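[1] Got a predicted model here, sequence first, then my questions.
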Amino acid sequence: MNADKKTCGRSPDGEFVELAVEVFSMLADATRVRIILALRDGELSVSNLANLVDKSPAAVSQHLAKLRLARMVATRQDGQRVYYRLEDEHASQLVTDAIFQAEHSLGGIPRHHHEQGGDQA
């Protein structure tokens, strides 16, 4: 069982702790979080993303470049246009979990707990 923990890097002294901190720092920007949320449903162009996150295409491109270097997003080119998509489900899950944690900070029963119980808040 301990071998499994070391292999996946989830122990406190695991080799991936520092890399996990880099992932968190990459997501410590509201525009990048909004980009991740926008890409949950599929690929989008820079101009579509810029409209969705209410930022200039140039600013969105800079954030996408960082997310691409971190291997959180991937690209597909179609002629002159470049489309971005999430590399895998993990960045989306991290952002979702962070939003759920943020809901807990408001006190009371968070909205996501209502949804799990079948109640809509």
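    Happy to help now that I have it. Here the structure is a predicted model, which is why all the values come from computation and not from measurement. Residues are numbered from 1 along each chain as shown.
[2] Which helix runs longest in the chain?
    helix 90-104 (DSSP state H).
[3] and for it, what are the contacting residues?
    With contacts defined as CB atoms under 8 Å, 6 or more residues apart in numbering, helix 90-104 is touched by 23, 27, 33, 36-37, 39-40, 67, 72-73, 86, 110-112. From N, CA and C alone the C-beta is placed, and that goes for glycine too.
[4] gap between stretch 77-91 and the chain center?
    Per CA atoms, centre = their mean, to the nearest Å, the displacement of stretch 77-91 from the mean C-alpha position of its chain is 14 Å.
[5] brain fart, stretch 16-25
    Counting by CA atoms, centre = their mean, stretch 16-25 comes out at 13 Å from the chain centroid.
[6] do the same with stretch 40-54
    Worked out by CA atoms, centre = their mean, stretch 40-54 lies 14 Å from the chain centre.
[7] Which residues belonging to that stretch are considered buried?
    For stretch 40-54, burial by neighbour count (16 or more other CB atoms under 10 Å) applies to 43, 44, 46, 48, 49, 50, 53.
[8] Could you single out the nearest of these to residue 62?
    residue 46 (10.4 Å; CB to CB).
[9] shouldn't the closest one be in contact with residue 57?
    Yes: at 5.1 Å, residue 46 counts as touching residue 57 under the criterion of CB atoms under 8 Å.
[10] returning to what we had before: narrow the contacts of helix 90-104 to those that are buried.
    23, 27, 33, 36, 37, 39, 67, 72, 73, 86, 110.
[11] Quick check: the two most widely separated of those?
    Pairwise distances across the buried ones among the contacts of helix 90-104 (CB to CB) peak at 27.9 Å, for the pair 73 and 110.
[12] how about the helices in this structure?
    Using DSSP H, the helices of the chain run over residues 2-8, 17-26, 30-38, 46-53, 57-69, 90-104, 111-116.
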